[in-house]
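**Student:** pasting the sequence and the predicted coordinates here, then a few questions.
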Amino acid sequence: MKERVVSLVGDSARYIQMGTFHSIFSRILRVEAEHVGYSGNFTIYDEADARSLVKSIIKEMKLDDKVYKPAAVHNRISMAKNHLILPEMYANDRDVLQRDKEARMPAISAIYTAYCARCRQANAMDFDDLLTQTFLLFRDHEEIRQKYADRFQFVLVDEYQDTNSVQQRIVLQLTKDSQRVCVVGDDAQSIYGFRGANIDNILDFQQMYTQTKLFKLEQNYRSTQRIVQAANSLIKKNERQIPKDVYSRKDEGEKLVLKPAYSDKEEAIIVCNEIKRIKRKEKCEYSDFAILYRTNSQSRSFEETMRKENIPYRIYGGLSFYQRKEIKDIIAYFRIVANPDDEEAIKRVINYPARGIGDTTVAKIAAAAMSRNVSLWSVICHPFENGLNVNKGTMAKLQQFRELILSFIARFATADAYELGTEIIKASGISADLYSDTSPESMSRQENLEEFLSGMQDFVASRREEGRENEVSLTDFLQEVLLLTDLDSDGKDEGHRVVLMTIHSAKGLEFPTVFVVGLEENIFPSPLSVNSKRELEEERRLLYVAITRAEKHCILTCAKNRWRFGKMEFDTPSRFINDIDPRYLTIESEVDDGSVNENLFGNTYKGYAGGYSDRRKWQNSAPVASQFKADPKPRIVGHREETPQDPFSSRFKRQFQSAGGNLRRIADMVGKAPSAVSATAGSALLHEGNVIEHERFGVGDVVKVEGTGENTKATVQFRNAGTKQLLLKFARYKILK
């Protein structure tokens, strides 16, 4: 950036002070450290250092580290500092203390106080201190504030919409006299509220600085006109914003396309088919495509389908699904149950979740195994015979671990992968560990766990439908999964891969073709945002960012159902779909003549308000009890409570039609789709030539029906998923005609 400035204004610009908030303030604090009680050679603790210190304090205070997780505690301390709530203020804030008490962590205040004292004792600052200590320096020492205000007569702040409270207050300290400040930012791209960013900083800037001049840079140089117009129509639904009319001088281009799917499985197939079609038509590279999702856990179905379709991909800014720690921990347990002699799996989980079996004990087990030329499991099962020398307490802990694994092995031959896998995740304590706090990192891990369970459930259901009832064991599941764990190991053709990433990671990037997937209520917008207007508007800005990553093609997808929380959930398309002007959106679904059809989910569309619908009466379908969460309760939408409703009721149809926009277009099609015939008599009703609607594969033509009774099978050519052979006693479908 400095080189670009020099090229514009000349060599004198080389002396401009430029850097991040943290780098500039750290230089100031090195000079002025004594005024805030530090020496100039202070150490800067990174996140790992800070969490290590928090962990030590928790241990010294004899608190339960399963409740007071260092990462979660440090996150709370960091958020407090970013809002300038220092330890004494924290200790006197009744609301904050009540929140900690409700979270079963009433000692946070004491930890925070001890943490700050220990940092000062060690002459160390963490990243948050670089901001808070600079603020305190300027607040308490007017002559120093004036010194730097005189030095920085002109202040420029980039990406101002992402600044937090303390950053904004320091900028105000430096510029309140001169009023010479220029901030650059786009309120429509403020998407980091969960990290402490405060959109009020940019929205209220003109109130803080009364002589403000506003310059609107409204030309979009990336996207075609229709993509820009669609994004504009979406973001205009936010009430709090700086009005803009963004435009493009590029080609008019295509409308956004919404491709509904019957399931997350079909959604992934549709995306892969579209990638291959566009690549073939436009002769472009795989690196010209990006798949953007709301949460990391959504990558699983796309990764699995792309592997099967031989489409190279990479996860941007993160790990592939099966490389994530919580997933590898679960798989390690599965590996032990399938093969107790698996040494690496035992080492990974013998003390996870923590059960008091430390590294010293593991080393003794390994040494005993090596000396007797047996496996670690043999030593654990026969410690005395193999000369294991540990105390009585440790021996008891090893016995508990052994009995836990043996209880799983006892069910290995009779339970399917989902039944046994769910039991392992619960009984081992993994689920309790992952659900023990609500930090952003823990919530991401919880979503990954739930997605993994969904994958297991889908694996078992799919194989049974395909007549492979004898191939649903934990071993069969491991064989399938372990083939996916070396996803990018070859490193070949690194530059030409489809990119998968969260929308937050995509900010600032651009691609010729962008898929925005999972546009359903309870995914996008996030369920945590629907009762807060402020948070809901941030979710809308997030979709705006996703759409404006596209240069030529922007394709949206949503699924009618997906396995979640151990059962098939039927979801409503995202309310944000209705926020896009219908003039800039095509809603596609394939019908017999291949034409475009604007009926989003046929006569099963459930509405806009976010309420649950009754489950469709699919042939052979049955709800599966949730293993980790209570059954869904009526959902709060705004200040109303939505209870389950009949999606075909006239009241609901009136509600959709009054909503306007795309939902009205969808509602107008209700009743125009082919009537569904319930397959109540089972396979007796299914014949060659029938058209069926499958719960996960979508619409397909029955090519052949063979066999009798429970062995009856149907070969079906699905519109997107290809040819499938279904064992009808397990298949979930409805006959359309």
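**Tutor:** Received it, and whenever you're ready, just let me know what you need. Numbering: from 1, shown residues only.
**Student:** low-confidence bits of the stretch 551-700 of the chain, can you list those?
**Tutor:** Under the criterion pLDDT under 70, the flagged ranges of the stretch 551-700 of the chain are 565-567, 589-684.
**Student:** could you say which helix or strand holds Val499?
**Tutor:** Val499 is located in strand 498-502, with elements delineated by DSSP states H and E.
**Student:** how about Gly467?
**Tutor:** Under DSSP H and E, no helix or strand contains Gly467.
**Student:** list the contacts of it.
**Tutor:** Lys713, Gln725, Leu726, Leu727 (Cβ atoms under 8 Å, 6 or more residues apart in numbering). In short, each C-beta sits where N, CA and C put it, glycine included.
**Student:** which one of those has the most neighbours?
**Tutor:** Leu726 (27 neighbours; other Cβ atoms under 10 Å).
**Student:** sec struct for that residue, please.
**Tutor:** strand (DSSP: H, G, I helix; E, B strand; the rest coil).
**Student:** how far off centre is the strand or helix carrying Arg280?
**Tutor:** Per DSSP H and E: Arg280 is located in helix 264-282. In terms of Cα atoms, centre = their mean, to the nearest Å, the centre of helix 264-282 is set 22 Å apart from its chain centre.
**Student:** flag the shaky bits of the chain, pLDDT-wise.
**Tutor:** Applying pLDDT under 70 to the chain flags the ranges 483-495, 565-567, 589-684.
**Student:** could you measure from the residue most central in space within it over to His504?
**Tutor:** Centroid-nearest residue in the chain: Thr295, 1.6 Å away (criterion: Cα atoms, centre = their mean). Separation of Thr295 from His504 (Cβ to Cβ, to the nearest Å): 10 Å.
**Student:** same deal with Glu60?
**Tutor:** 36 Å.
**Student:** of these two, who's got more company?
**Tutor:** Legend: neighbour count by other Cβ under 10 Å for Glu60 and His504, higher for His504 (18 against 11).
**Student:** which secondary structure elements does the helix or strand containing that one sit against?
**Tutor:** For His504, the element it lies in under DSSP H and E is helix 503-506. With contacts defined as 3 or more Cβ pairs under 8 Å, 6 or more residues apart in numbering; DSSP states H and E, helix 503-506 has these neighbours: strand 289-293, helix 533-547.
**Student:** how about the residue nearest to the centre of the chain: what's its closest non-neighbour residue?
**Tutor:** In space, and not counting its chain neighbours, Thr295 is closest to Glu447: 5.2 Å by Cβ to Cβ, 6 or more residues apart in numbering.
**Student:** isn't the one you found right up against Ser299?
**Tutor:** No: the criterion here is Cβ atoms under 8 Å, and Glu447 misses it with Ser299 at 10.8 Å.
**Student:** helix or strand right after the longest strand along the chain?
**Tutor:** In the chain, assigned by DSSP state E, the strand with the most residues is strand 550-564. Going down the chain from strand 550-564, the next helix or strand is strand 567-570, by DSSP H and E.
**Student:** count of neighbours near Thr134?
**Tutor:** Using other Cβ under 10 Å, Thr134 has 26 neighbouring residues.
**Student:** show me what contacts Ile409?
**Tutor:** Counting by Cβ under 8 Å, 6+ apart, Ile409 has contacts Val337, Pro340.
**Student:** A helix includes Ile170, no?
**Tutor:** Yes: assigned with three-state DSSP, Ile170 falls within a helix.
**Student:** what strand or helix carries the residue nearest to Thr295?
**Tutor:** Assigned by DSSP H and E, Glu447 falls in helix 440-465.
**Student:** and what of Ile77?
**Tutor:** Following DSSP H and E, one finds Ile77 within helix 70-82.
**Student:** and that helix, what does it pack against?
**Tutor:** Right, helix 70-82 is packed against helix 47-60, helix 108-121, helix 127-140, helix 165-175, helix 440-465 by 3+ Cβ pairs under 8 Å, 6+ apart.
**Student:** still on that earlier bit, paired strands for the strand holding Val499, with orientation please.
**Tutor:** Taking DSSP bridges as the criterion, strand 498-502 forms sheet pairs with strand 289-293 (parallel), strand 313-315 (parallel).
**Student:** residues in contact with it: which ones?
**Tutor:** Strand 498-502 is contacted from outside by 275, 286-287, 289-296, 299, 302-303, 306, 311-318, 511, using Cβ under 8 Å, 6+ apart.
**Student:** which of these count as buried?
**Tutor:** 275, 286-287, 289-296, 299, 302-303, 306, 311-316, 511 (16 or more other Cβ atoms under 10 Å).
**Student:** could you give the number of residues near the closest residue to Arg139 other than its chain neighbours?
**Tutor:** Nearest non-adjacent residue to Arg139, counting by Cβ to Cβ, 6+ apart: Gln173, 7.2 Å away. Gln173 has 17 neighbouring residues, counting by other Cβ under 10 Å.
**Student:** surely Gln173 is in contact with Arg145?
**Tutor:** Yes: between Gln173 and Arg145 a contact is recorded at 5.7 Å, counting by Cβ under 8 Å.
**Student:** overlap in contacts, these two.
**Tutor:** Shared contacts of Gln173 and Arg145 (Cβ under 8 Å, 6+ apart): Phe138, Arg139.
**Student:** name the nearest residue to Val691, sequence neighbours excluded.
**Tutor:** Leaving aside its chain neighbours, Val691 sits nearest to Leu736 (4.5 Å; criterion: Cβ to Cβ, 6+ apart).
**Student:** that neighbour: how many residues sit nearby?
**Tutor:** 16.
**Student:** now swap in Ser78 and tell me
**Tutor:** Around Ser78 there are 17 other residues, counting by other Cβ under 10 Å.
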